[in-house]
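**Student:** need coordinates for the below:
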Amino acid sequence: MEKLDFLSIVIPAYKQEKTIVRDIKRLNKTIEGFGFKYEIIVVVDGFIDRTYEKLKILKKGNNNLKIHGFKDNRGKGYAVKYGMLKGGGDVVGFIDAGMDIDPAAISMLLDFMKLYDADIVVGSKLHPDSIVRYPLKRKILSWGYRTFTHLLFGFNTRDTQVGLKLFKREVVKDVFPKVLVKQFAFDVEVLAVSYAYGYTKIYEAPIKLIFKDNSSITSGSFWKIIFFMLWDTLAIFYRLKILHYYSRKKSFKNIE
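**Tutor:** I've put the predicted structure just below:
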């Protein structure tokens, strides 16, 4: 890519009051070492606990930190979309809260972005240089969902679900206004829309992922999430292959 003077990183945050301050400080320290202008955009997905209040305190004196949020929970996909369309960087990306993924991997993704002039670089558990500690149940589910999406969409990208991805600014402006999924299948929709618009220079980079299971998901709601992921994925396929929704005139209107 021609230049990288400004990086925007989005963090969707839902019920993260216990770790959000530590996470942002760690991320800030990591990106600070890259040596160029940056912003960290946190989108609080529901004022359910004290996540937003703690961030407002942390923001004092930190001009690189931007905070947005909604009173009601709207879903991770919605929060990421909102933050991505607020980002002003030459490269705009997102990373999950909780820091299961070591944010130091952002440097490697940026190297891949520049080396290959990539449209998108995704963190991948399947990269041979990745370090991953992940429960067996999650590995099996991840394999099943990955196989399912490859059959539907024919992605060359092996791992679509890791919560660390970087995009050229023009890809964000083109693709994210079309994203409709508000929950967990939005990664697949982003890649589906990207392919539909000709953004096929997508590369996978290594990550370090140590699964901490800090989420508030119970075993019951976990299986509900799996069901809705499959439902949303089939809806993406329907919009892409049957309705040709993503082939319509591109929208550059920013999110309201």
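
**Student:** how near is Gly123 to Arg22?
**Tutor:** 20 Å (C-beta to C-beta, to the nearest Å). All C-beta atoms are positioned from the backbone trio N, CA, C, and that covers glycine.

**Student:** who has more neighbours out of the two?
**Tutor:** The neighbour comparison of Gly123 against Arg22 (other C-beta atoms under 10 Å) goes to Gly123, with 28 against 11.

**Student:** that one pairs with what?
**Tutor:** Counting by DSSP bridges, Gly123 is bridged to Ala205.

**Student:** for it, what are its contacts?
**Tutor:** 101, 105, 109, 159, 162-165, 204-207, 209 (C-beta atoms under 8 Å, 6 or more residues apart in numbering).

**Student:** what's the spacing between it and Lys178?
**Tutor:** Taken as C-beta to C-beta, the span from Gly123 to Lys178 is 23 Å.

**Student:** likewise for Ile24?
**Tutor:** 29 Å.

**Student:** looking at the two, which is more packed in?
**Tutor:** A side-by-side neighbour count of Ile24 and Lys178, using other C-beta under 10 Å, places Ile24 first with 25 against 20.

**Student:** secondary structure class of the more buried one, three-state.
**Tutor:** Secondary structure state of Ile24, per DSSP: H, G, I helix; E, B strand; the rest coil, is helix.

**Student:** what does the helix or strand of the chain with the lowest mean pLDDT contact?
**Tutor:** Within the chain, no helix or strand scores below helix 219-237, which has a mean of 81 by mean pLDDT, DSSP states H and E. By C-beta under 8 Å, 6+ apart, the residues outside helix 219-237 that reach it are 141, 145, 148-149, 152-153, 181, 183-185, 188-189, 192, 217.

**Student:** rerun that using 7 Å as the cut-off
**Tutor:** 141, 145, 148-149, 152, 181, 183-185, 188-189, 192, 217 (C-beta atoms under 7 Å, 6 or more residues apart in numbering).

**Student:** now that helix: how far from the chain's centre is it?
**Tutor:** Chain-centre distance of helix 219-237: 18 Å, with C-alpha atoms, centre = their mean, to the nearest Å.

**Student:** only the buried residues of that helix, if you could.
**Tutor:** Counting neighbours by 16 or more other C-beta atoms under 10 Å, one finds that the buried residues in helix 219-237 are 229, 232-233, 236-237.

**Student:** closest to Ile31 out of the residues you listed?
**Tutor:** Met229 (30.1 Å; C-beta to C-beta).

**Student:** got any ranges where the stretch 1-150 of the chain has weak pLDDT?
**Tutor:** Scanning the stretch 1-150 of the chain for pLDDT under 70 picks out 2.

**Student:** repeat that for 90
**Tutor:** 1-4, 35, 61, 133-147, 150 (pLDDT under 90).

**Student:** show me where it has its strands.
**Tutor:** Ranges of strands in the stretch 1-150 of the chain, per DSSP state E, counting those that start in this stretch, are 6-13, 37-45, 65-70, 91-95, 120-124, 131-133.

**Student:** just checking: what are the partner strands of the second one?
**Tutor:** Sheet partners assigned to strand 37-45 using DSSP bridges are listed as strand 6-13 (parallel), strand 65-70 (parallel).

**Student:** element containing Glu189?
**Tutor:** helix 186-196 (DSSP states H and E).

**Student:** list the helices and strands that helix packs on?
**Tutor:** Contacts defined by 3 or more C-beta pairs under 7 Å, 6 or more residues apart in numbering; DSSP states H and E place helix 186-196 against helix 169-175, helix 219-237.

**Student:** swap the cut-off to 8 Å and go again
**Tutor:** helix 76-86, helix 136-153, helix 169-175, helix 219-237 (3 or more C-beta pairs under 8 Å, 6 or more residues apart in numbering; DSSP states H and E).

**Student:** now the first one, how far from the centre of its chain.
**Tutor:** Here the centre of mass of C-alpha atoms in helix 76-86, compared against the chain's by C-alpha atoms, centre = their mean, lies 9 Å away.
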